[in-house]
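Asker: quick one: sequence plus predicted model below, questions after.
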Amino acid sequence: MATKKGRAELHTTVDADLLHSIKKLALDQGTTKYGQFIEEGMRLVLKKYGKLSDSREG
């Protein structure tokens, strides 16, 4: 499957209740693009542990 430039596919298992909550949050915010919230969470973890490059804070 082709991906957009600068994007990568992620295939993993996660806590079902957590994913359900993220999907519901996305809907509550008027979007179905829950991946944006997952990416934001990943950025927050990297920022917390000092591993986030300023150029990728997007």
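Answerer: In hand now; what should we look at? In this text, all values refer to a predicted model and were calculated from it rather than measured experimentally.
Asker: tell me where this structure has helices.
Answerer: For the chain, applying DSSP state H gives helices covering 16-28, 35-48.
Asker: now do the last one: distance to the chain's middle.
Answerer: Mean C-alpha position of helix 35-48 versus that of the full chain (CA atoms, centre = their mean, to the nearest Å) differs by 6 Å.
Asker: then that helix to PDB, C-alphas only?
Answerer: This file holds the C-alpha atoms of helix 35-48, laid out as PDB (Å, rounded to 0.1, in the frame of the first residue of the first chain):
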ATOM      1  CA  GLY A  35      -4.800   9.000  14.000                       C
ATOM      2  CA  GLN A  36      -4.100  12.700  14.600                       C
ATOM      3  CA  PHE A  37      -4.800  12.200  18.300                       C
ATOM      4  CA  ILE A  38      -2.500   9.100  18.400                       C
ATOM      5  CA  GLU A  39       0.300  11.100  16.700                       C
ATOM      6  CA  GLU A  40      -0.200  13.900  19.200                       C
ATOM      7  CA  GLY A  41       0.100  11.400  22.100                       C
ATOM      8  CA  MET A  42       3.300  10.100  20.500                       C
ATOM      9  CA  ARG A  43       4.700  13.600  20.300                       C
ATOM     10  CA  LEU A  44       3.900  14.300  23.900                       C
ATOM     11  CA  VAL A  45       5.700  11.100  25.000                       C
ATOM     12  CA  LEU A  46       8.800  12.000  23.000                       C
ATOM     13  CA  LYS A  47       8.700  15.600  24.300                       C
ATOM     14  CA  LYS A  48       8.300  14.400  27.900                       C
END
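Asker: which other helices and strands contact it?
Answerer: Secondary structure elements in contact with helix 35-48, counted by 3 or more CB pairs under 8 Å, 6 or more residues apart in numbering; DSSP states H and E, are helix 16-28. Placement of C-beta: from N, CA and C, glycine included.
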